[in-house]
Structure formats: structure tokens, C-alpha cells
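Novice: Just to be clear, the model below is a prediction. Sequence and coordinates:
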Amino acid sequence: MVQYSVNVLTFRSTSSTAAIDTTYRFTPMNRLARSILPMSRAHLSTATVVAPQVRVWWDSNCPLCTKEIAFIKRLDSQHAIDFVDLHATDVASCPLNTQDLLARFHAQDVSTGTIVDGAAAFALMWTVLPPPLRWVGTQASRSPLLLSVLERAYVWFLVHIRPSIQRWDKTQRSPKS
């Protein structure tokens, strides 16, 4: 007999505004439930739905962004963040101009629909991650002074550091003769 072990199943449904991921976590009631096919009633009766709380748009062509999003995905064990790759998504489903989304980091509070960018977007994303990032995100969201300091640091990074990283990446990717 083949045993099926299912911990997480993700279903993707599309609506008129954007695609929504819903994750179902299965906690089998007993050993018998583990040996039955994943979609049995025993599994569905114990499923809990975890919906994303924050939506983040990111640039998969940016090597630094790719590394950072991979790190955040590892921290996001509750699947509270819906990561939307701007190069793999239908541009019509994006709420803002794609160039604006590529220029600065943007996040959306799914419950209210509010879209923020820059340091405020990082703070919003951090609030759904485990401590200590949750604490930093909460403090930044509550303190205009801390948020303005983080925003200045983010703008400084965009102007001074990011172009250097992009130039370095181009030299690494270019074919050597």
C-alpha cells in the first residue's frame, strides 16, 4: 500500500482583480487519515485556512531582490505574505504602473487594500514575520521618526548602493572572451 504524506496544499484561484493563493494545512486526525489520499474527508475536516495578510511585488531580474525574497520566504513559515513576481505576472493584474512597482519596493495590506512603498513597505512586511523582524516592523509602523530614518536609509541605498550592485552583476553575467 502506498502511503501519502501531505503537509501543505496550495490552491490558486483567480479573481477579476488578482490571483489569490490559499494554503490549507492538514493535521491528520489519526494514522489512518495519513494513509488515505490527500483530499479525503478526514483531511478536509481538519484543514485550517491560512490566507496571506500582505502582498509584496518584487523584481525577479534583480539579483539582490531575488536573494532577499528567498530569505524572507524562508522566514515566512505561516505563509502570511503573497509574493508577486512582476516578470511572471500578467501586467494588467497589477494595481499600479509596472515601472513604478519596479522602481521602489511596494507592499499591500490585504485586509485594507492599502498600498505602501519604500521603508513603509518593508515595515508592513516585517510585521507578519517572526521576531525580531516583527518587533522592528511594528515599531517602525508606529513611529514616524523611525520610519523616516528607515526611508532615508532606503533612498540612500537606492541611489548609492543599488546601481553599483547592478553594474557588478552585469559584469558577472557578461560572457568572458
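Specialist: Ah, there it is.

Novice: which other helices and strands contact the one helix or strand Q166 maps to?
Specialist: Assigned by DSSP states H and E, Q166 falls within helix 162-173. With contacts taken as 3 or more CB pairs under 8 Å, 6 or more residues apart in numbering; DSSP states H and E, helix 162-173 sits against helix 63-75. Every C-beta, even on glycine, is put in place using the N, C-alpha and C of the backbone.

Novice: Packing partners of the helix it packs on?
Specialist: The contact analysis (3+ CB pairs under 8 Å, 6+ apart) places helix 63-75 against strand 54-58, strand 81-85, helix 162-173.

Novice: hang on, the earlier thing: and the average pLDDT for the helix holding Q166 is what?
Specialist: Mean pLDDT, helix 162-173: 82.

Novice: follow-up on the earlier one: looking at the helices and strands packed on helix 63-75, which is nearest to L75?
Specialist: Among the helices and strands packed on helix 63-75, the nearest to L75 by CB to CB is strand 81-85 (9.2 Å).

Novice: Setting the sequence-adjacent residues aside, check what's closest to W126.
Specialist: G137 (2.9 Å; CB to CB, 6 or more residues apart in numbering).

Novice: was I right about Q53 contacting V110?
Specialist: Yes - Q53 lies in contact with V110 (CB atoms under 8 Å); the separation is 5.6 Å.

Novice: tell me the contacts of the closest residue to K73 other than its chain neighbours?
Specialist: Leaving aside its chain neighbours, K73 sits nearest to F83 (6.7 Å; criterion: CB to CB, 6+ apart). With contact taken as CB atoms under 8 Å, 6 or more residues apart in numbering, F83 is in contact with 56, 58, 69, 72-73.

Novice: Over to S111?
Specialist: Q53.

Novice: Repeat that for L146.
Specialist: Going by CB under 8 Å, 6+ apart, L146 touches 139-140.
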